[in-house]
Each structure stands twice: as C-alpha cells, then as structure tokens.
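>>> Provide a 3D model corresponding to the input given below.
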Amino acid sequence: MPPQSAAASGCGSGGSSHDWRLVVSLRFFPAILSVRLLPEPFSVRASGKPMKHLKSSLSDLRHFFSHTITVRDIAEPLASFDADQEGKDVRAVLEKRNFDVAGVRHEGITVGFVRRTEIADGKLRRSMHDFTDGSIVPDTAPLSVVFGSLGGHDPAFVTILGKVGAIVSRGDLQKAPVRMWLFSLVSLIEMQLVRLIRDHHPNDSWLPFVSPARVESAGRRHRDRQKRNEETQLIDCLQLCDKRDILVKSTLLRQAVALGPKDDARNLLIEVEELRNDLAHANDIIRGRWPSMIDLVARMEALLGAMERAGERKSRGFS
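Here you go, the predicted model:
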C-alpha cells in the first residue's frame, strides 16, 4: 500500500483524430477547473476552405499546470509524532492506520521521518531518517517535478509554507490531475505531429507512408464526416498509429525533430500510444512502467518541444 495514499499497441484502441476537443472538468478545493485544448480559430487556405492551426503549445501546457494544478492537488497529509514518543506506540498507531511512513517532530516542526517497518523500541528519534534535498518538493511545484523526485525517493515529502506537512507516493500518480496532464501531453504531441505532416508533406504526399488498408479506413471516416458537413481533410481522419508510421518512414520528418534511428522513433511513439490507451480506458498507468515512466515523460516533453521548434522554423521559411 502507498505510504498514506490511496497492452499491446493497436490502431484505434484509444480513438483519436486532429479535430477533437478535450474538455475535462474536475473539482479542486474551492472551484471547478476546466481544461480545454482546442484548435485556434480558422484561417483560410489557398483553396478558400478553412484550415485549423494549433493554439495550444508545450509552454501553454506548462504554464497552465504550473499555476493551476500543482503538487498540492495530489498530496496527502503527513501524520507526524513527537521525537520523544515511544517507538512501539507509534508503530502500533501506524499499523492500525496502515501507514508506512510518518513524520517526526521536534519542537513542533517536522524534521525527519520514520518507516513503520524500521521503528525500534525506545524513543522515536532513534529510528528517524533525515530528509534529503531530492526527497522534498514544494506544494506549489508543477506535477512534472514529482516524477523526478519519486524516481529516487518514495515517498516524496511536500513542504507547505516552507515546512514539511504532506506526502506524495507513487500511487498518487494515478490521480486525476496527473492523468489530465499526461493525456494533454499525448494529445499535444499528436496535434503537433499533424501540423508537421501538413507542413512537410502537403497535398497528401504522405500517402506512400501509410498502408492501403489504413488509408481506406481513414477514407471511410473522412467520407462519414463529409456527409455530416464537417470541414475536414483526410489527414484529420488518421489515427495515432498512422501518424506514427508517417513520422518513422519519413526521413524529412525525423530530421526535422531530430528523432534519430527509425527504431528509436517507432518505440517511443508506441510507448506514447500505449500510455494514451491506458489513460483513455482508466487503466493502471504505473504498473509495468516504473521507473521507465520517468524517462518516458522526459522523452515526451523533449519530443513535443522539438516538434514545436520544427513547426516554428517551417513557419519562418526554414526547413
């Protein structure tokens, strides 16, 4: 149990296209929070038809989560005991409450922690561990900070107004705020990927990179949307696995985002797709991914940043 807290890749298993809207509403403390990732207003292409451009970016996402959803939103209160209390009494309380870790107070301030399984008889201070810099994060820190901290420490301790008063364990990474952040990261990668494909392979010149069966599948979705009078292009009807194939097979795209060898690019995007599917279906996102999840999140952020820079260069007339 956490200290104090509570598949295979396949096309279409998570469902995705570029003309989507993700609207998630959660209740955080005093208010309702709504997250919207939407294409920005239409502009007009040469054909006279409207074309969507991206409004959301990695910087937008980081700014939003840095200022709105923070470590505070997934942390749990840290039970703490005076250093002079008897260890056996504290151990009994932790066993009754099924807590693995507790804080140790000295003169009213939490100065260290104990693990239930390590508490010896005698005064509690005899079993105390000191906090280390890497194990402490402020409650105002963005969620991404927690992944790095939990990579070397489980749990991580959270400071409130400069004093340790809460805790985050690996199990807390299953909570809704973390899932929102990860799903938004995946979705932004997919949006930027569509943008790059349009920029570097216009007029459906990406078609040779997708199998005929997958093109036909996208074509059916495209025709269905046209029947509903939806303004869309064939590329908008591709799924993430199709866009992955285009990126992997297109030397031009891989060079644009500095992805390196085909196998590296393919493996990364397969991991992204599998994570997206587990998020979409409310599956466990930590089991089988830890600690590699830390590296995956870092690579996802790096990929998104590279895609955005490539898009900016293209918009300025550079390849």
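>>> Can you tell me how far the residue of the chain most remote from its centre is from D100?
Distance to the chain centre peaks in the chain at G122, reaching 43.9 Å (criterion: CA atoms, centre = their mean). Distance of G122 to D100, given as CB to CB, to the nearest Å: 20 Å. In this view, the C-beta of every residue, glycine as well, is placed from N, C-alpha and C.
>>> and if you look at E216?
In this structure, E216 and D100 are 54 Å apart, going by CB to CB.
>>> higher neighbour count, those two?
Shown here are E216 and D100; by other CB atoms under 10 Å, D100 has more neighbours (18 against 10).
>>> Hmm, the more buried one is touching R115, no?
Yes. Applying CB atoms under 8 Å, one finds D100 in contact with R115, separated by 6.4 Å.
>>> Where do the helices of this protein begin and end?
58-67, 87-97, 143-152, 176-200, 212-227, 240-249, 251-256, 262-280, 292-315 (DSSP state H).
>>> Tell me which of the ones you listed lies nearest to S127.
helix 87-97 (5.7 Å; CB to CB).
>>> who does that closest one touch, helix- and strand-wise?
Judged by 3 or more CB pairs under 8 Å, 6 or more residues apart in numbering; DSSP states H and E, helix 87-97 is in contact with no other helix or strand.
>>> can you list contacts of that helix?
79, 81, 99-100, 102, 114, 116, 119-124, 126-127 (CB atoms under 8 Å, 6 or more residues apart in numbering).
>>> just those now: which is nearest L304?
Set against L304, the nearest of the contacts of helix 87-97 by CB to CB is D100 (35.1 Å).
>>> any idea how far that closest one lies from L182?
Counting by CB to CB, the separation of D100 from L182 is 25 Å.
>>> quick one: low-confidence parts of the stretch 101-250 of the chain?
Residues of the stretch 101-250 of the chain meeting the criterion pLDDT under 70: none.
>>> okay, the residue nearest to L259 when sequence neighbours are not counted: pLDDT?
Nearest residue to L259, sequence neighbours excluded (CB to CB, 6 or more residues apart in numbering): A265, at 4.2 Å. A265 is assigned a pLDDT of 91 by the prediction.
>>> just to revisit the earlier point, quick check: closest non-adjacent residue to the residue farthest from the centre of the chain.
Closest residue in space to G122, ignoring its immediate chain neighbours: G87 at 5.7 Å, by CB to CB, 6+ apart.
>>> next one: K175
I74 (4.8 Å).
>>> where does the one you found land on pLDDT?
Looking at I74, its pLDDT is 96.
>>> Tell me, how many residues neighbour it?
I74: 22 surrounding residues under other CB under 10 Å.
>>> Quick check: the gap between it and M293.
15 Å.
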